[in-house]
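Chemist: Fold the stuff below for me.
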Amino acid sequence: MQPRILMMLILLALTGCQSMQTVAPKIESATPMPAASPPVGQPLADAAITMPQPAAQDIWERMRRSFTMAELDSPAVEQYARHFAATRYLERNERARCYLYYFVDALEKRNMPAELALLPYVESGMNPQARSPVGAAGAWQFMPATGKHFNMKISLLTDDRNNLIASTRGALDYLGRLNQQFGDWHLSLAAYNWGENAVARAQARNRAAGLPDDYLGLKMPQETRNYVPQLLALVKIIKNPQAYGVKLPAIPNEPYLAEVPVPHDMDVDKAISMAGISAKEFFALNPSVRKPLLMRAATPKLLLPTDQAHEFARRLASDRDATASWTVIRLKATQRVEHIAAQHGIQPQQLRAANNIPPGMKPTVGSALFIPVSTPKPSVDEYTVSVASVAFTPDLVKILIAARKGETLATFAHRVNKPAQDIARWNPGLSGRKKLARGQLLALHLDPELAARIQHEQTSEPVAKRSAPPQKGRAENKMIVAKKNNPKKSQQQGKQYGRG
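Modeler: This next block holds a predicted model:
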């Protein structure tokens, strides 16, 4: 799926389900079916009796019974087993208490090898909130394109790669399809990591060269070469922990989590309160939920500890006020935050905080925004959730500033403290060398506060002394003086100088 550094995974694994219970809540186990009676008259020793297998005492025993994957003849398996044992990788991963039963149960329902439940250990340290530098996300580390291919919603409002229900379904769909294609779990896992086309091409090259086309025979990246041995090393430890000096953490063979349907949109804070768990635990189990609104179209089901799940369902059924005080809108035009806030009767700071709008920026047309509402609105629709996005542009206003006498583009830019290239871009046709015409208006695009300050500075400056009128010619000066002293003489002087 994406490059992984083993030591990083070990460090990731050290933090468990934040603030979660360390012991799963007790649930009544199903009553075993009675053994079939032997046919009448048939000796007991000869009867074909199928005794029910006793329930596994913990999740590890249950997994051992369902391990079906072939072993891999590679020394790397033993090397990684010893490494994981030395670093106490399995013992220190607290998240397994929360998620491992869920993964094992999902695999058994599909009749898939239980070894695959350990894949999130290798992929993400079993962290549903993990995100790789190359963009893979979730416990199963899906890239965006692959996630969408397996029907995961990935948008501003949700990311199903972090949703344990959706991502586990997608991962098992993908692994099942790969196994149908390659007919071998080692190759299927290599394809999950490297890509099915890459594995198919490597097989084709080997076949053309008369070489083996199995996992060990293919030439592949070192990361993929180590990928299956890491998984099988964990299997080897679980099969015989005593041989490696490992004490597996106590995880009952009981469901820690339950899925709870979300009937309609509701405030996230309200959902957390009704679930009776901390916000940290709520988001650890449901990391795709985004405050402030729990949207049914984004999260059809919540994952909650079993006891809290029953309590949540009970409270939801009896609480008629469990409606949403938020909704989502899509902007029909690029607008300043202050204008949007005024339209909806809220404070600009509240709008910025709910939508993570950076200072000095405004959302562009088509952006999806959380908006508080005073009366309940219909639940946000599937389409909006699927395509929601947000984009920001600098929150600028256009002002016009007059050039002063003798200014060039460079000196004007220095005066208004803006780059000359920006001013030239806003005012096509300007030259950096020529002087600007006195009074020439130049457009500036500035943030509102800077624009107001510059405009204030321009209007508050003292009026400059007017320039003296251009000097007239000597003859004209004489004519003006003569006109003042003797109007008739001035007319005569005018004719003398060709002006009458």
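
Chemist: domains of the protein?
Modeler: 6-24+54-244, 257-318, 326-394, 399-446 (automatic domain parsing).

Chemist: Identify the residues contacting the closest residue to residue 91 other than its chain neighbours.
Modeler: Spatial nearest neighbour of residue 91, excluding adjacent residues (CB to CB, 6 or more residues apart in numbering): residue 249 at 5.8 Å. Quick note: C-beta positions are derived from backbone N, CA and C, even for glycine. By CB atoms under 8 Å, 6 or more residues apart in numbering, the contact set of residue 249 is 90, 91, 93, 94, 96, 97.

Chemist: mind giving me CSV with the domains of the chain and columns for mean pLDDT, mean neighbour count and distance to residue 457?
Modeler: CSV is the format used below for those (pLDDT from 0 to 100; neighbours: other CB atoms under 10 Å; distance: least, CB to CB, whole Å):
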stretch, mean pLDDT, mean neighbour count, distance to residue 457
domain 6-24+54-244, 92, 19, 40
domain 257-318, 95, 19, 41
domain 326-394, 95, 15, 20
domain 399-446, 89, 15, 9
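
Chemist: Is it possible to get CSV of these that adds distance to residue 452?
Modeler: Shown next, in CSV, are these (distance: least, CB to CB, whole Å):
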stretch, distance to residue 452
domain 6-24+54-244, 32
domain 257-318, 32
domain 326-394, 13
domain 399-446, 9
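
Chemist: Run through who's touching stretch 205-220.
Modeler: Against stretch 205-220 from outside (CB under 8 Å, 6+ apart): 72-74, 184, 186-187, 190, 194, 198-199, 202-203, 228.

Chemist: Narrow the residues you listed to those in helices?
Modeler: Among the contacts of stretch 205-220, DSSP state H puts 186, 187, 190, 194, 198, 199, 202, 203, 228 in helices.

Chemist: Closest one of these to residue 338?
Modeler: residue 194 (50.8 Å; CB to CB).

Chemist: Isn't that closest one up against residue 221?
Modeler: Yes. Here residue 194 reaches residue 221: they are 6.5 Å apart, a contact under CB atoms under 8 Å.

Chemist: Just give the nearest non-adjacent residue to the residue nearest the centre of the chain, would you?
Modeler: The chain has residue 159 as the residue nearest its centroid, 6.1 Å off, counting by CA atoms, centre = their mean. Nearest in space to residue 159, with sequence neighbours left out and distances taken as CB to CB, 6+ apart, is residue 288 at 5.4 Å.

Chemist: who wins for proximity to residue 454 among the domains of the chain?
Modeler: Counting by CB to CB, residue 454 lies closest to domain 399-446 out of these; the figure is 6.0 Å.

Chemist: circling back to that earlier point, can I get the contacts of stretch 205-220 in a markdown table with distance to residue 424?
Modeler: Converted to a markdown table, those look like this (distance: CB to CB, whole Å):
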| residue | distance to residue 424 |
| --- | --- |
| 72 | 65 |
| 73 | 69 |
| 74 | 64 |
| 184 | 64 |
| 186 | 62 |
| 187 | 60 |
| 190 | 56 |
| 194 | 50 |
| 198 | 49 |
| 199 | 54 |
| 202 | 55 |
| 203 | 59 |
| 228 | 59 |
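
Chemist: Can I get stretch 63-70 as CSV, trimmed to CA atoms?
Modeler: Extracted in CSV, the C-alpha atoms of stretch 63-70 (Å, rounded to 0.1, in the frame of the first residue of the first chain):
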residue,chain,number,x,y,z
MET,A,63,-7.2,-17.2,16.0
ARG,A,64,-5.0,-20.2,16.3
ARG,A,65,-8.0,-22.4,15.4
SER,A,66,-8.6,-20.3,12.3
PHE,A,67,-5.0,-20.0,11.1
THR,A,68,-5.0,-21.6,7.6
MET,A,69,-2.4,-19.7,5.6
ALA,A,70,0.6,-21.6,4.3
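
Chemist: Tell me the gap between the helix or strand where residue 97 lies and the middle of its chain.
Modeler: In this assignment (DSSP states H and E), residue 97 forms part of helix 96-109. Chain-centre distance of helix 96-109: 25 Å, with CA atoms, centre = their mean, to the nearest Å.

Chemist: Check which helices and strands it sits against.
Modeler: Counting contacts by 3 or more CB pairs under 8 Å, 6 or more residues apart in numbering; DSSP states H and E, helix 96-109 is packed against helix 59-66, helix 119-124, helix 164-182, strand 257-261.

Chemist: Nearest to residue 459, out of the domains of the chain?
Modeler: domain 399-446 (10.8 Å).

Chemist: dump the residue contacts of the closest residue to residue 74 other than its chain neighbours.
Modeler: Of all residues not flanking residue 74 in the chain, residue 229 sits nearest, at 5.5 Å (CB to CB, 6+ apart). Each residue near residue 229 by CB under 8 Å, 6+ apart is listed here: 72, 74, 76, 77, 79, 80.

Chemist: Surely the residue nearest to residue 91 is within a strand?
Modeler: No. Secondary structure of residue 249 (DSSP: H, G, I helix; E, B strand; the rest coil): coil, not part of a strand.

Chemist: Residue 245 contacts residue 84, doesn't it?
Modeler: No. The pair residue 245 / residue 84 is not scored as a contact, 11.4 Å apart, by CB under 8 Å.

Chemist: so what's the backbone phi/psi at the nearest residue to residue 391 once chain neighbours are set aside?
Modeler: What sits nearest to residue 391 in space, not counting adjacent residues and going by CB to CB, 6+ apart, is residue 364, at 4.6 Å. For residue 364, the backbone dihedrals (degrees, to the nearest 10) come out as phi -90, psi 170.

Chemist: Roughly how far does residue 364 sit from residue 63?
Modeler: 50 Å (CB to CB, to the nearest Å).

Chemist: got the contact list for residue 380?
Modeler: Here residue 380 is in contact with 157, 265, 293, 295, 296, 297, 298, 327, 328 (CB under 8 Å, 6+ apart).

Chemist: Out of those residues, list just those in strands.
Modeler: Judged by DSSP state E, the contacts of residue 380 include 293, 327, 328 as members of strands.

Chemist: Name the SS class of the residue nearest to the last one when sequence neighbours are not counted, please.
Modeler: Just to be clear, that refers to residue 328. Among residues not flanking residue 328 along the chain, residue 380 sits closest, at 4.8 Å (CB to CB, 6+ apart). Per three-state DSSP, the secondary structure class of residue 380 is coil.

Chemist: Which residues are in contact with the residue nearest to residue 388 when sequence neighbours are not counted?
Modeler: Excluding the flanking residues, the one nearest residue 388 by CB to CB, 6+ apart is residue 368, at 3.8 Å. Residue 368 is in contact with 156, 157, 328, 329, 330, 384, 388, 389, 390, counting by CB under 8 Å, 6+ apart.

Chemist: residues in contact with the last one?
Modeler: What that stands for is residue 390. 156, 355, 363, 367, 368, 369.

Chemist: right, and out of the contacts of stretch 205-220, which lies closest to residue 257?
Modeler: residue 228 (28.2 Å).

Chemist: and stretch 320-329, how far from the chain's centre?
Modeler: Using CA atoms, centre = their mean, the offset of stretch 320-329 from its chain centre is 23 Å.

Chemist: Next: stretch 279-292.
Modeler: 13 Å.

Chemist: Kindly export it (C-alpha atoms) in CSV.
Modeler: Output in CSV follows, covering the C-alpha atoms of stretch 279-292 (Å, rounded to 0.1, in the frame of the first residue of the first chain):
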residue,chain,number,x,y,z
ALA,A,279,-14.6,12.5,23.7
LYS,A,280,-11.1,10.9,23.3
GLU,A,281,-12.5,7.4,23.4
PHE,A,282,-15.4,8.4,21.1
PHE,A,283,-13.1,9.7,18.4
ALA,A,284,-10.6,6.8,18.9
LEU,A,285,-13.4,4.5,17.9
ASN,A,286,-15.0,6.8,15.3
PRO,A,287,-12.1,8.8,13.9
SER,A,288,-13.9,9.7,10.6
VAL,A,289,-16.5,11.7,12.6
ARG,A,290,-15.9,15.5,12.3
LYS,A,291,-17.1,18.0,14.8
PRO,A,292,-19.5,19.7,15.2
